[in-house]
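Asks: below are the sequence and a predicted model; questions follow.
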Amino acid sequence: MQEKQSDFDLINKYLKGDESAFNILMKRHQEKIYMVTRRMLGNHLDADEVVQEVLLVVYNKLNTFKFESSFTTWLYRISMTRSLNYLKKRALKNTFSIFELKKNKSQVLDPLEQLEGKEQFDIVEKLLKKLPPKQREIFILKNFENLKYEEISKITGKSEGALKANYFHAVNKLKELMVNYEK
Amino acid sequence: MKNKDLIIDFFEGNLSEDEQKLLLKEIEFDSELKKEFKDYERLYALLNQTKNIKPDEDYLETIIPKFRRNDTKKSFLFKPAFVSSILLLFVTVSIFIYYYSVNSITEFDVLAGYDQINDFSNNLEIYAEFLDNDHLNDLFFTELWGNDDHNSLITNYFEIDNNYNFIPETMAEEVYQELLTKKIL
């Protein structure tokens, strides 16, 4: 049985011209990219667009990867940066074309639609949307991705102290939002 | 505030066993804190329920193929080399068209004037500077031996070149006679 290749092996293969190595690498991480962007953006249509953007960035910039941090950390950084940029763009877009966006979203099939726990997922998605984007980013990485503050610090560039304070703020705010939502 | 942080630490698993016991004991005697604790408990239960949710496999299967389709288009259209080539081509063509249009106006006008002598005669002095001696020579003789009465036009030729340098010496006598015949001189 063939031994599972590490991320670094696959990156090296891709950099030597093996396109299939890129496919294997991204297939390994695509679920993670999708869930992170989905939680950041709050809907499938936008998450799908950002996932494609992330793949394109990885494809074009993998030659700049320095093998100093883990590939996952690098991937989280790209996914989060792209999501935050997308949120800014979307805020601007929504101002001008609210009706058009709503129409498009209703036509797309959500890959989480048929899954158990979708109802709870929708509630959490609504609550998360009300957090400021930067706080949401920290909360998602800590709570859903189970990363340590040290790792989140490498992704966001913030100090561990600031991250911890932000995370506690986010939990407190979510608790308040949930209580209000239940009323 | 401190108790809120302790409750969060409790649910995050950051408290030791003793710290947990202490907090739970405190909650028993504080109804306000107990309510807070229950709220956080519900929040963490909700979050935990959605932690391991996974997208449909059918969707995940489409991500890479979709990227490969898009990448082929984007890599061609958005490559800096491609974009700069298009820009360079556009600038070159624009400069060529501009230069050609500015310069070609006079050339076309001169040629048109050469073919349509009446129109040409009206602007003879302007066109003359673009003509070499041979052309001026041809035009002069065409006019001089032509059937039409172009006396004023012929006078114009002399105004262009007061030294009559465009008339070859061998033709001087012949030209002189013709000018007398036509009563120009």
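Replies: Good, I have the coordinates.

Asks: when you work out contacts or count neighbours from here on, use the C-alpha atoms and nothing else.
Replies: Fine.

Asks: the longest helix belonging to chain A near chain B anywhere?
Replies: Counting residues, the longest helix found in chain A (DSSP state H) is helix A:71-96. No. Against chain B, helix A:71-96 shows no contacts by CA under 8 Å from any CA of the partner chain, the least distance being 14.9 Å.

Asks: any idea which helix or strand comes after the lowest-mean-pLDDT helix or strand in chain A?
Replies: Within chain A, no helix or strand scores below helix A:98-106, which has a mean of 55 by mean pLDDT, DSSP states H and E. Remark: after helix A:98-106, the chain's next helix or strand is helix A:118-129, criterion DSSP states H and E.

Asks: report the buried residues of that following helix.
Replies: A:121-122, A:124-128 (16 or more other CA atoms under 10 Å in any protein chain shown).

Asks: what does that helix contact?
Replies: Applying CA atoms under 8 Å, 6 or more residues apart in numbering or on different chains, the contact partners of helix A:118-129 are A:39-42, A:112, A:136, A:174, A:177-178, B:46-47, B:49-50.

Asks: quick check: mean pLDDT across that helix?
Replies: Helix A:118-129 shows a mean pLDDT of 94 in the predicted model.

Asks: hmm, the helix or strand that it is followed by touching chain B?
Replies: Beyond helix A:118-129 on the C-terminal side, the first helix or strand identified by DSSP H and E is helix A:133-139. No. Using CA under 8 Å from any CA, helix A:133-139 never reaches chain B; the gap is at least 11.1 Å.

Asks: quick check: residues of chain B near chain A?
Replies: By CA under 8 Å from any CA, the part of chain B that sits against chain A consists of B:5, B:8, B:39-40, B:43, B:46-47, B:49-51, B:53-56, B:58-60, B:63-64, B:66-67, B:71.

Asks: from residue A:91, how far off is residue A:52?
Replies: 20 Å (CA to CA, to the nearest Å).

Asks: if you could redo that for residue A:27, that was the one I meant.
Replies: Distance of residue A:27 to residue A:91, computed by CA to CA: 30 Å.

Asks: neighbour count winner among those two?
Replies: Taking neighbours as other CA atoms under 10 Å in any protein chain shown, residue A:27 and residue A:91 compare with residue A:27 leading, 15 against 10.

Asks: lowest confidence element among the helices and strands of chain B?
Replies: For chain B, using mean pLDDT, DSSP H and E, the weakest element among its helices and strands is helix B:117-122, scoring a mean of 52.

Asks: out of everything not next to it in sequence, what's closest to residue B:28?
Replies: Nearest non-adjacent residue to residue B:28, counting by CA to CA, 6 or more residues apart in numbering or on different chains: residue B:34, 6.8 Å away.

Asks: in stretch A:59-76, what's buried?
Replies: Quick answer for stretch A:59-76 (16+ other CA under 10 Å): A:59, A:62, A:71, A:74-76.

Asks: just send the residues you listed back as CSV, with pLDDT and distance to residue B:89 too.
Replies: Formatted as CSV, these follow (pLDDT from 0 to 100; distance: CA to CA, whole Å):
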residue, pLDDT, distance to residue B:89
A:59, 96, 29
A:62, 95, 32
A:71, 96, 41
A:74, 97, 39
A:75, 97, 38
A:76, 98, 40
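
Asks: mind giving me the packing neighbours of the one helix or strand residue B:19 maps to?
Replies: Using DSSP H and E, residue B:19 falls within helix B:17-28. If you count contacts as 3 or more CA pairs under 8 Å, 6 or more residues apart in numbering or on different chains; DSSP states H and E, helix B:17-28 packs onto helix B:2-12, helix B:31-51.

Asks: by mean pLDDT, show me the worst of the ones you listed.
Replies: helix B:2-12 (a mean of 91).

Asks: for it, give me every contacting residue.
Replies: A:168, A:171, B:15, B:20, B:23, B:33, B:36-37, B:40-41, B:44.

Asks: for ChimeraX, write the selection for the buried entries among those residues.
Replies: Command for ChimeraX, covering only those of those found buried under the criterion 16+ other CA under 10 Å:
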select /A:168,171 /B:15,20,23,33,37,40,41,44
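
Asks: so which of the contacts of helix B:2-12 is the closest to residue A:46?
Replies: Taking CA to CA as the measure, residue A:46 lies nearest residue A:171 of these, at 24.8 Å.

Asks: what sits against the closest one?
Replies: A:139, B:8.

Asks: quick check: the two most widely separated of the contacts of helix A:118-129?
Replies: So, the contacts of helix A:118-129 by CA to CA: farthest apart are A:112 and A:177, at 23.2 Å.

Asks: chain B: which of the buried residues of helix A:118-129 is nearest?
Replies: residue A:121 (5.5 Å; CA to the nearest CA).

Asks: specify the local secondary structure of residue A:69.
Replies: Here residue A:69 is recorded as coil under DSSP: H, G, I helix; E, B strand; the rest coil.

Asks: kindly state the pLDDT recorded for it?
Replies: 88.

Asks: ok, now residue B:113?
Replies: With respect to pLDDT, residue B:113 scores 49.

Asks: cool, and residue A:4?
Replies: pLDDT, residue A:4: 79.

Asks: so which helix or strand takes in it?
Replies: Going by DSSP H and E, residue A:4 is not part of any helix or strand.

Asks: coming back round to it: could I get the helices and strands packed on helix B:17-28 as CSV with distance to residue B:90?
Replies: Shown next, in CSV, are these (distance: least, CA to CA, whole Å):
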stretch, distance to residue B:90
helix B:2-12, 61
helix B:31-51, 54
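
Asks: okay, now residue B:68: neighbour count?
Replies: What residue B:68 shows, counting by other CA under 10 Å, is a neighbour count of 15.
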